[in-house]
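J.: Have a look at this prediction, sequence included:
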Amino acid sequence: MIRMIVTDLDRTLLRSDKSISEYTAAVLRRCQERGIKIVFATARPKRTVNHFFDNIPADAVILHNGAVIYIGDERFSNCGIEAATARKILLSMSRDWPEAALSVEIDDVLYANFDVSAIWNYTQATPTDFTDLPDKPVDKIIVGVSSMADIECFSKYLPEYLYIEMSDGRLGLIMNRGAAKQNAVKVLTGHFGFDMNETAAFGDDYNDLQMLRECGIGVAMENALDEIKAVADCICDTNDNDGVAKWLEKNVL
């Protein structure tokens, strides 16, 4: 029995134009009416997902790939990077790789050394050289990459308690090792009193892989990476064809 649905947003629940169809929203609301919890699990920050709650009042949201969890308006859990450690990493990368596109998320504000509109047209950034960052814990560091070789290169700047993960084929996400979608799902199942076997998870990218493996049912999008399809229990239609909603209507409702 599925008691919690966890879905990635970009290229999974969201169509390519970043919208959620009324059909998909209606299916998710029907799931909620049956007592099933709805959870968004995304690499995005909170400010870029708030408007999705207008149509789908999700019970919780996992942000920054698991670094932050919100239940309603409450910041329920966070697992970040110490301010001094983040500053050291960013300054070292800036020094050794002056052309690197670097950004950092702190308390729902994005700071960057480049024009972020080329990557994210739904958010803005505060310009910085990383010497003037606020003295607060960091949720996530983001570096532009072009290959797994770049990931390996930038991983050398990280202390043991941090890791770097490829996302969208062009970004390296640096986070606390405790910050992972599957770990956040475990926190929420414990909070709501569910078992991981009672969850269904949907995703398309590397940062969804372990979540799909560890949830009761892992569903890959038809447009997902081959590596994600390989670990999934089943595959649904594409994000542009309401794949999540179609699967839920057939298998849950």
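T.: Alright, I've got the coordinates. Because the structure is a prediction, the values reported are computed rather than measured.

J.: D10 against A41, yeah?
T.: No. With contact defined as Cβ atoms under 8 Å, D10 does not count as touching A41 (11.1 Å). Just so you know, the C-beta spots here come from the backbone N, C-alpha and C atoms, and that holds for glycine as well.

J.: more crowded one of the two?
T.: Using other Cβ atoms under 10 Å as the criterion, D10 and A41 rank with A41 on top: 30 against 18.

J.: Around K156, how many other residues sit close by?
T.: Quick note: K156 (other Cβ under 10 Å) scores 9 neighbours.

J.: how close does it sit to M175?
T.: Separation of K156 from M175 (Cβ to Cβ, to the nearest Å) stands at 16 Å.

J.: Could you give the average pLDDT over the top helix by length along the chain?
T.: Among all segments of the chain classified by DSSP state H, the helix with the greatest residue count is helix 83-96. Helix 83-96 shows a mean pLDDT of 95.

J.: contacting residues around the helix or strand just after it?
T.: Following helix 83-96 in sequence order, the next helix or strand is strand 102-106 (DSSP states H and E). Strand 102-106 has contacts (Cβ atoms under 8 Å, 6 or more residues apart in numbering) with 45, 64, 86, 90, 93-94, 110-114, 116, 125, 130, 133-134, 136-144.

J.: how does it look with 6 Å?
T.: 45, 90, 110-113, 134, 136, 138-143 (Cβ atoms under 6 Å, 6 or more residues apart in numbering).

J.: And those residues, which of them are buried?
T.: P45, L90, L110, Y111, A112, N113, V138, D139, K140, I141, I142, V143 (16 or more other Cβ atoms under 10 Å).

J.: what's the closest of those residues to G218?
T.: Using Cβ to Cβ, K140 comes nearest to G218 of those, at 23.6 Å.

J.: Next, the contact list for the closest one, please.
T.: K140 touches H64, A67, E105, L173, M175, counting by Cβ under 6 Å, 6+ apart.

J.: Give me the angle between the host helix or strand of the fourth one and helix 83-96.
T.: With the criterion set as DSSP H and E, the secondary-structure element containing L173 is strand 171-176. Counting by axes from the mean of the first three to the mean of the last three Cα atoms, to 10 degrees, strand 171-176 points 150 degrees away from the direction of helix 83-96.

J.: what's the offset of strand 171-176 from the middle of its chain?
T.: 11 Å (Cα atoms, centre = their mean, to the nearest Å).

J.: go on, stretch 166-177?
T.: 10 Å.

J.: Quick check: buried residues in that stretch?
T.: Under 16+ other Cβ under 10 Å, the buried positions of stretch 166-177 are M166, S167, L171, G172, L173, I174, M175, N176.

J.: Okay, helices next: where are they in the stretch 1-150 of the chain?
T.: 22-33, 83-96, 148-155 (DSSP state H, counting those that start in this stretch).

J.: what would those look like in CSV with distance to G216?
T.: As requested, these are exported to CSV (distance: least, Cβ to Cβ, whole Å):
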stretch, distance to G216
helix 22-33, 15
helix 83-96, 35
helix 148-155, 30
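
J.: wait, which of those helices is closest to F194?
T.: Across those, closest to F194 is helix 22-33 (Cβ to Cβ), at 14.1 Å.

J.: got the buried residues for the closest one?
T.: Buried residues in helix 22-33 (16+ other Cβ under 10 Å): T24, A25, V27, L28, C31.

J.: which outside residues touch that helix?
T.: By Cβ under 6 Å, 6+ apart, the list of residues contacting helix 22-33 reads I38, N55, I56, D242, A245, L248, E249, L253.
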